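A.B. asks: Coordinates only, no sequence provided:
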């Protein structure tokens, strides 16, 4: 069964953060993992773009009711109409999560993941949260994910 | 953007009903639509099987926490942990729904779809619900779906 | 522990239906049961009014984000922001449900209740649903509820 | 309309933290505010106890399916069956939240509250979260809540 990697992060971000997210997404796609995200902008767009550029599949669990709200790199847009309630669904659909930058929504996802026993890898995100495995590059994030998933890198 | 067809129905069903569901699923896959379902047995398994046999993609929005609970024909298994709460998500992720046989869970999905303005096509399912477009064969169900989606059959 | 009676029904209704709902609500309040409902108009307003007129307590599980959307007879307004997703919460918060009139939303609640093993008493509502205990007056509805709850009437 | 104060915090806590929670709950009850919480142990039990001791009303939005899982100081136990999904409902039902101690579940509630624009008062809880109004005593927490609610203390 394919592995599901959640990529969570800011809906609006700098080019540097977008670059990190795209690199993470590319490696997810290259390894045949499925990328799960919230389907909107910023980190979600950059990571999804990277993933599809590597030939991968991306799922966008959307806050609103409309498939068209997804960014153009989402293979499977899933409207929920639950708004912030969809954050829990991003967590539950993922085997491992990578948090990149992000605001309160990302923080809620980090917390819900850790509460539910899902590993969280942190890259330029909320600091000093016990339980998050902090890394400093996209490559390290992917290596950490692979290790958590029991795959060789 | 690809069309999403929800197939809802009994988690346990007769061979005759499974045959209908498989035919509906096959046509969904053949047309390049994405099949959305609850990911478990009966009508969900048969429809997903038909869809993947036609080369299509299937999404299973699962009641529990575990990807492994999905039937083997689900391309993208999405655990929700919301149990009956996932029924609403099947509805919200679909553009059109086809109800085949089914019990109370299916009835809840029919009702939630109609409440939300989503078209429902009924095949051997709950009778006499105003708003459901009743059909008598898999072929008719697909023609009705295509028509609702603005596609030529 | 106090019993929770869900009253579900049309958000807009005739005076005759409102009269039935108010009678049901009055008896709920008189017996010290707590009335659970969706907090809006029609049957929900009439039942809540009856309940508070009898000195009872009413909980409104609201679709939107705003306490002020509750009708004036709701003691405890609970915004959820889940829209139709709140229907499941009305069901889960109730020990027994009474359905009075109603459209697709009510039908979804009847189905979710029966799916979850909660008894449903039907009064001038969706017909011929196996598992619903149909009655023909407010008094009968309350007697059926009391019997289901193991209370003498 | 009555004010709703969410009290969020650890499900298991020290006597010192329980004392703080009880004091906060007592003041909530004394002022006629309604206490919203997750309905279980630790901070939730202590705060609910304080509130009912002051004659107040407490709502417990429960993770599971069973009213009996509520602590004995919950006036209105509401089973949701959404497990960690109920955290969002605690937030949405509250006008202001007071976080006391707590683990990942509490952190998710703090984040969801701030994401949704709800004020959060922090007492011996997760540190250094921008947007949280940190206080150092139960009395200060209540004064901050009153001020946020536009009430004189």
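C.D. replies: On my side now, so go ahead. Not measured: the values here are computed from a predicted model. Residues are numbered from 1 along each chain as shown, chains lettered A, B, ... in the order given.
A.B. asks: How many residues are close by residue A:124?
C.D. replies: Neighbour count for residue A:124, taken as other Cβ atoms under 10 Å in any protein chain shown: 22. Heads up, the C-betas are built off the backbone N, CA and C, glycines and all.
A.B. asks: what's the answer for the one 10 residues further on, then?
C.D. replies: If you count neighbours by other Cβ under 10 Å, residue A:134 ends up with 17.
A.B. asks: Just read off the phi/psi values of it.
C.D. replies: phi -80, psi 140 (degrees, to the nearest 10).
A.B. asks: My guess is it contacts residue A:120. True?
C.D. replies: No. The pair residue A:134 / residue A:120 is not scored as a contact, 9.6 Å apart, by Cβ atoms under 8 Å.
A.B. asks: what touches both of those two?
C.D. replies: With Cβ atoms under 8 Å, 6 or more residues apart in numbering or on different chains applied, the contact sets of residue A:134 and residue A:120 do not overlap.
A.B. asks: Who are the contact partners of residue A:113?
C.D. replies: Residue A:113 neighbours (Cβ under 8 Å, 6+ apart): A:6, A:91, A:94, A:97, A:119, A:120.
A.B. asks: actually residue A:79, not the one I wrote
C.D. replies: A:62, A:64, A:65, A:66, A:67, A:69, B:92, B:93.
A.B. asks: Which member of the residues you listed is positioned nearest residue B:15?
C.D. replies: residue B:93 (28.3 Å; Cβ to Cβ).
A.B. asks: how many neighbours does the closest one have?
C.D. replies: 24.
A.B. asks: Could you pull up the contacting residues of it?
C.D. replies: Per Cβ under 8 Å, 6+ apart, neighbours of residue B:93: A:78, A:79, A:80, B:4, B:6, B:36, B:59, B:61.
A.B. asks: Quick check on it: phi, psi?
C.D. replies: Dihedral angles (degrees, to the nearest 10) for residue B:93: phi -80, psi -10.
A.B. asks: Check the one 10 residues further on too.
C.D. replies: Phi and psi for residue B:103, reported as degrees, to the nearest 10, are phi -110, psi -140.
A.B. asks: Quick check: closest non-adjacent residue to it.
C.D. replies: Of all residues not flanking residue B:103 in the chain, residue B:10 sits nearest, at 6.0 Å (Cβ to Cβ, 6 or more residues apart in numbering or on different chains).
A.B. asks: Same check on residue A:68?
C.D. replies: Per Cβ to Cβ, 6+ apart, closest to residue A:68 is residue B:1, 6.9 Å.
A.B. asks: how much space is there between residue A:1 and chain D?
C.D. replies: 23 Å (Cβ to the nearest Cβ, to the nearest Å).
A.B. asks: immediately after the longest helix seen in chain A, which helix or strand?
C.D. replies: Longest helix in chain A by number of residues (criterion: DSSP state H): helix A:15-30. Using DSSP states H and E, the helix or strand that follows helix A:15-30 in sequence is strand A:34-37.
A.B. asks: now what about that next one, what contacts it?
C.D. replies: A:2-8, A:25, A:28-29, A:43-44, A:47-48, A:51, A:56-61, A:74, A:90, A:93-94, B:76.
A.B. asks: Go through those residues and flag which are in helices.
C.D. replies: Short answer: those in helices (DSSP H) are A:25, A:28, A:29, A:43, A:44, A:47, A:48, A:51, A:90.
A.B. asks: which non-adjacent residue is nearest the first one?
C.D. replies: Same thing as residue A:25. Per Cβ to Cβ, 6+ apart, closest to residue A:25 is residue A:50, 2.9 Å.
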